[in-house]
Every structure is written in C-alpha cells, then in structure tokens.
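Novice: Take a look and give me a structure for this.
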Amino acid sequence: MAARYESLFLISRFQAELDRLFHEAMQMGENDVPLGEWQPAIDVVETPAAIQILAELPGFAASELRIEVRGTRILITGTKSTALPEARQVRFHCLERGHGRFSREIHVLSPVNTHQGTARLRDGLLILELPKIQDKRQEARVLHIQEAEETPE
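Specialist: Below is the predicted model of the structure:
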C-alpha cells in the first residue's frame, strides 16, 4: 500500500516540475525588446575549464558597459549612441544598426566561480570567462545529530 502512495507522490512532483518548466518556456517569448532598446548578439560556450559568454558590441568602450552577476544570472547593460549626419532632413533607406540602451540577461546553468570571472573587450567583442567549479551539491554527506537538551517544565 505504501508503494502506491509513493508512486503518486513521485508523479505529483514530476507534474509540478513539468508545470514549472512549461511556465518558464512560455515566459521566454515575453522578453520583447522595449522601444528604443536593442539586443547584441551573444554566444555562450562551455570549455572543459570555463563558461564563456561572447557578446558583439562594436563601437563600445569598456567604460560604457556594465556587467552585474547575481547568482546564476549575468546582466550586461550599456548605451550606444551613434553620431548621425547633421543635415536637417535625413532620410534613411536602411537602418539596421542598434542604437540606444541594451540589456542582456544570461542564465548560467553550470556551477561557476563568479569571483574569479574575467571580462575583456577587444575589437567589439566582449568576452566574459567564468571558471567552472565542482558541483558538490549532489555529493552525499553525513550531518552530525546533536542531542536536544531537556528543558524543565
């Protein structure tokens, strides 16, 4: 009888996890870029030693960018201002380059050491490198159990 309830419990946990994953997947399409913002192209690459995030940011100086790390999330932000022709009546035939603010949030799923992370900007390519660390969360360990002291009633 107990095995039957254990199976129901496992199915319930599995269903809850599927619901959570489905909800996250549905929210992915909601991250439309607000008006006046653009999105630089990024690649996330895993090497044996590190996770690398490569972002195309031509025309930026390092002082115009900000990288913020919060847990498993990395937020890259900046503002790109491009000088336009000074003529009073400018008519664009094609306008594809990104201008204005941008914000990119990347979720890193592998355990990494964010304190040892590095960021380099060269020739319009931002390279963030986060060294991988061993994930010890799945290792079994034994906790010492303390005897509770009796309290007088």
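
Novice: what about H144, how many residues close to it?
Specialist: 4 (other Cβ atoms under 10 Å). For glycine as for every other residue, the C-beta is placed from the backbone atoms N, C-alpha and C.

Novice: ugh, typo on my part, it should be R73
Specialist: Applying other Cβ under 10 Å, I find that R73 has 11 neighbouring residues.

Novice: what's the answer for the one 10 residues further on, then?
Specialist: The number of residues packed around A83, counting by other Cβ under 10 Å, is 5.

Novice: Figure out the helix or strand that it lives in.
Specialist: A83 belongs to no helix or strand when elements are defined using DSSP states H and E.

Novice: so what's it scoring on pLDDT?
Specialist: A83 is assigned a predicted lDDT (pLDDT) of 70.

Novice: what's the answer for the one 3 residues further on, then?
Specialist: Looking at E86, its pLDDT reads 73.

Novice: ok, it - how many residues close by?
Specialist: So E86, with other Cβ under 10 Å, has 6 neighbours.

Novice: what's the answer for G59, then?
Specialist: 12.

Novice: Quick check: it is in a helix.
Specialist: No. Looking at G59 with DSSP: H, G, I helix; E, B strand; the rest coil, it is coil, so not inside a helix.

Novice: Spit out the contact partners of the nearest residue to it once chain neighbours are set aside.
Specialist: Using Cβ to Cβ, 6 or more residues apart in numbering and skipping the chain neighbours, the partner closest in space to G59 is K80 (6.3 Å). Going by Cβ atoms under 8 Å, 6 or more residues apart in numbering, K80 touches 38, 59-60, 64, 98-102.
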